[in-house]
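Asks: sequence and computational prediction follow.
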Amino acid sequence: MIKIYLMNITQLDPDDMRWQGYVSEKRYIKMQKYLQRKDRALSLGVELLLNLGLQAMYPQIECPVTWLEDDNGKLYLPDHPHLYFNLAHSEQYAVCAVADVAVGVDIEHCSDIDLDTAHSYFTGQEYAYILEKPEPERITAFYELWTLKESYMKVTGLGFRLALDSFGMQMGKEITVVQDGKTQPYSFYHTQFGKYHLAACYQGSKNESITTVLCEPQ
């Protein structure tokens with residue numbers, strides 16, 4: 001089971017001290033180091049979503065939870081090794097995916113971009129996929145691929161240590177990923193709302209149940 005929790009942080013006040021009891025001490029300290037209010041709100045929002053999601057899915061877990069980072073910087077729950085989560089944010093939205101399988105999530109705000117970026121970092125097949133689209137749809141295709149690729153990079157735990165052109169997305173009725181000449185054992189979810197693209201990559205088959213939950217600051 002995979003649940004993706006989503007929050008618009010524009011109404012979230014990161015300087016309200018009551019939030020200190022809802023997130024880990026490490027997150028609260030980290031959040032306060034950001035100079036911009038929006039960045040503080042995004043940092044706070046992702047962990048509020050983590051604890052909200054865990055409480056909803058696993059009410060026996062005491063929150064706020066303690067998390068650690070592995071050697072590659074990926075966060076994990078040392079007290080709950082059978083559970084997985086991943087965090088992301090962009091502009092006005094914070095996102096957290098909670099699952100019982102390895103999961104990576106990414107969200108991106110769709111803005112104008114020089115498509116030479118895709119030519120430089122994507123595979124030739126991925127770049128061709130973008131150019132096959134009518135010109136007004138190419139930016140959308142770029143962000144579709146970008147979020148899918150980054151969700152895969154995050155689920156592997158390598159993030160940007162894994163070169164963007166070292167693996168390729170196979171776009172079709174079912175989305176797959178090929179690395180080192182082999183289709184990898186991961187499945188994908190992608191959606192678009194407004195100017196945002198959201199993607200998740202998870203270990204296993206397409207049969208996983210995925211639910212997106214929109215949350216509001218209380």
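Replies: Right, received. Where do you want to start?
Asks: for the worst-scoring helix or strand of the chain on mean pLDDT, which residues meet the burial criterion?
Replies: Of all helical and strand segments in the chain, the minimum by mean pLDDT, DSSP states H and E falls on helix 116-121, at a mean of 85. Within helix 116-121, the residues that count as buried by 16 or more other Cβ atoms under 10 Å are residue 118. C-beta: built from backbone N, CA, C; applies to glycine.
Asks: which strands and helices sit next to that helix?
Replies: For helix 116-121, the packing partners by 3 or more Cβ pairs under 8 Å, 6 or more residues apart in numbering; DSSP states H and E come out as helix 124-131, helix 138-155.
Asks: which residue is nearest the centroid of the chain?
Replies: Geometric centre of the chain, nearest residue: residue 105, 2.2 Å, by Cα atoms, centre = their mean.
Asks: any chance of TSV for the helices and strands packed on helix 116-121, columns mean neighbour count and distance to residue 15?
Replies: Shown next, in TSV, are the helices and strands packed on helix 116-121 (neighbours: other Cβ atoms under 10 Å; distance: least, Cβ to Cβ, whole Å):
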stretch	mean neighbour count	distance to residue 15
helix 124-131	16	41
helix 138-155	23	29
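Asks: what sits against the residue nearest to the centre of the chain?
Replies: 4, 86-88, 95-97, 151, 154, 198-201 (Cβ atoms under 8 Å, 6 or more residues apart in numbering).
Asks: which ones among those lie within strands?
Replies: 4, 86, 87, 88, 95, 96, 97, 198, 199, 200, 201 (DSSP state E).
Asks: surely the last one and residue 154 touch.
Replies: Yes - taking contacts as Cβ atoms under 8 Å, residue 201 lies within contact range of residue 154: 7.3 Å.
Asks: give me the nearest residue to the residue nearest to the centre of the chain, chain neighbours excluded.
Replies: In space, and not counting its chain neighbours, residue 105 is closest to residue 97: 4.0 Å by Cβ to Cβ, 6 or more residues apart in numbering.
Asks: re the thing from before, can I get the contacts of residue 105 in JSON lines including pLDDT and distance to residue 65?
Replies: Formatted as JSON lines, the contacts of residue 105 follow (pLDDT from 0 to 100; distance: Cβ to Cβ, whole Å):
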{"residue": "4", "pLDDT": "98", "distance to residue 65": "18"}
{"residue": "86", "pLDDT": "97", "distance to residue 65": "14"}
{"residue": "87", "pLDDT": "98", "distance to residue 65": "13"}
{"residue": "88", "pLDDT": "98", "distance to residue 65": "18"}
{"residue": "95", "pLDDT": "98", "distance to residue 65": "17"}
{"residue": "96", "pLDDT": "98", "distance to residue 65": "12"}
{"residue": "97", "pLDDT": "98", "distance to residue 65": "15"}
{"residue": "151", "pLDDT": "97", "distance to residue 65": "22"}
{"residue": "154", "pLDDT": "96", "distance to residue 65": "19"}
{"residue": "198", "pLDDT": "98", "distance to residue 65": "23"}
{"residue": "199", "pLDDT": "97", "distance to residue 65": "25"}
{"residue": "200", "pLDDT": "97", "distance to residue 65": "20"}
{"residue": "201", "pLDDT": "97", "distance to residue 65": "23"}
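Asks: nearest to residue 50 among these?
Replies: residue 96 (4.8 Å; Cβ to Cβ).
Asks: so what pairs up with that closest one in the strands?
Replies: Residue 96 has these beta-bridge partners by DSSP bridges: residue 5, residue 87.
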